[in-house]
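*Asks:* Here is my input; please provide its structure:
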Amino acid sequence: MRVFATAALAVACVAAADAVRREDGYRDIWFTLGEVTAGGDKYSGGLGTYTANHVPIAVYSAEADKTFFIYGGSLGGRRHLLIMASLYDHRTGRVPRPVVVCDKKGVDDPHDNASLCLDGQGHLWVYVSGRMRHRPGLRYRSRRPFDVQAGFDLVRTGEMTYPQPHWIEAPSTAGGSGPFSTAIPAASSTSART
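*Replies:* Below is the predicted model of the structure:
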């Protein structure tokens, strides 16, 4: 049953990307952990950029003079996670309506928020966190360089939690550059790169 649920989520996210769905505003997901003490809830409120481990959530391109960003949005008034992308155009001072990269279809947990990076050709890569084998992590690539409005294509699914992508220009096994995953031992002073 778990495999079926995982496959259904991946298909739902592909369908959302193919349709290039836009939302009419910037509503982040509201969440409460439900661990209430005398001092209040452990954490709750608008958690569109939660967690602190999902980094980066914004990246500036000098070539395009735009700042691209990602956040956990929601359907108006409901705890229903939408992974949203948009940009700030520094030349025009404008921010377009956000694009839904992935509709998490019933997931209401901001632990599944995303992070992003920009590759050497200007494509935006969105890494949507999962919850180990329960919900897959998803990796998307923008269809056009320096453009979120054209939509995103699902590139890969698999285990991925708290993504921290960084584009590294390095030869791949195919002879080009690209994102790759590597694990850095915990004792290392550098952070993991994905």
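
*Asks:* Please make it C-alpha for all contacts and neighbour counts, starting now.
*Replies:* OK.

*Asks:* Look up phi and psi at Arg94.
*Replies:* Reported as degrees, to the nearest 10, the phi and psi values for Arg94 are phi -110, psi 150.

*Asks:* what separates it from Thr32, distance-wise?
*Replies:* As judged by C-alpha to C-alpha, to the nearest Å, Arg94 and Thr32 stand 32 Å apart.

*Asks:* And these two? Which one has more around it.
*Replies:* Set side by side, Arg94 and Thr32 show more neighbours around Thr32, with 16 against 11, by other C-alpha atoms under 10 Å.

*Asks:* Skip the chain neighbours and tell me the closest residue to the more buried one.
*Replies:* Spatial nearest neighbour of Thr32, excluding adjacent residues (C-alpha to C-alpha, 6 or more residues apart in numbering): Ser44 at 4.1 Å.

*Asks:* now Arg139
*Replies:* Arg139's closest residue in space is Tyr127 (C-alpha to C-alpha, 6+ apart), at 4.7 Å.

*Asks:* List the contacts of the one you found.
*Replies:* By C-alpha atoms under 8 Å, 6 or more residues apart in numbering, the contact list for Tyr127 reads 114-116, 137-140, 163, 165.

*Asks:* repeat that for 10 Å
*Replies:* By C-alpha atoms under 10 Å, 6 or more residues apart in numbering, the contact set of Tyr127 is 54-55, 70, 83, 112-117, 137-141, 156-157, 160-165, 194.

*Asks:* one step back: burial measure for the residue nearest to Thr32, as a count.
*Replies:* Neighbours of Ser44 under the rule other C-alpha under 10 Å: 14.

*Asks:* Check the contact between it and Leu33; I expect there is one.
*Replies:* Yes. Applying C-alpha atoms under 10 Å, one finds Ser44 in contact with Leu33, separated by 6.4 Å.

*Asks:* list the residues that contact both of these two?
*Replies:* Residues touching both Ser44 and Leu33 (C-alpha under 10 Å, 6+ apart): none.

*Asks:* By mean pLDDT, which helix or strand of this structure comes out lowest?
*Replies:* Comparing helices and strands within the chain by mean pLDDT, DSSP states H and E singles out helix 2-19 as the least confident, with a mean of 47.

*Asks:* Neighbouring strands - and their directions - for the helix or strand hosting the residue nearest to Arg139?
*Replies:* Here Tyr127 sits within strand 124-128, counting by DSSP states H and E. Strand 124-128 has the following strand partners under DSSP bridges: strand 114-118 (antiparallel), strand 137-144 (antiparallel).
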